[in-house]
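*Asks:* Predicted model, plus sequence, below.
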Amino acid sequence: MESIVEFEDFAKLDIRVGRIIKAELVPGSKKLIKTIVDIGGEERQILIGVAKWYKPEDLVGKLVIVLVNLKPKVMAGLVSQGMVLAAGCDRDERPILLTVEEPVRVGSKVC
């Protein structure tokens, strides 16, 4: 059964359009790619567990949807300062990074 949330709970999430400006494999990890994401006037290091499906060089320049106010988490000795959102994450299939259909200003809020 789906969990229902109040609008006030959704409103607490800071979701924005970001642009991946750097990406590299995390040494010693088969899953993680370390990215630097411009979220509009600020750059964040965000680790993405998609190395099985994506090459770092293919991510650079992509507009992605980012959960900005997620509590930082240490993975493989590195701090991840947000979450790049994707579809298809609950199965062992290629996750599809969420993006925008048309060009939009980096840092634009998702509403």
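*Replies:* Arrived safely, thanks for sending.

*Asks:* quick one: buried residues of stretch 37-46?
*Replies:* Val37, Asp38, Ile39, Gly40, Glu43, Arg44, Ile46 (16 or more other CB atoms under 10 Å). Every C-beta, even on glycine, is put in place using the N, C-alpha and C of the backbone.

*Asks:* One more: stretch 67-86?
*Replies:* Val68, Leu78, Ser80, Gln81, Gly82, Met83, Val84, Leu85, Ala86.

*Asks:* How about stretch 86-98?
*Replies:* By 16+ other CB under 10 Å, the buried positions in stretch 86-98 come out as Ala86, Pro95, Leu97, Leu98.

*Asks:* In strands, which of those fall?
*Replies:* Ala86, Leu97 (DSSP state E).

*Asks:* Please give me every residue in contact with the residue nearest the centre of the chain.
*Replies:* Geometric centre of the chain, nearest residue: Val84, 1.0 Å, by CA atoms, centre = their mean. Neighbour list for Val84: Gly18, Ile20, Thr35, Val37, Ile46, Ile48, Val64, Ile65, Val66, Leu97, Leu98 [criterion: CB atoms under 8 Å, 6 or more residues apart in numbering].
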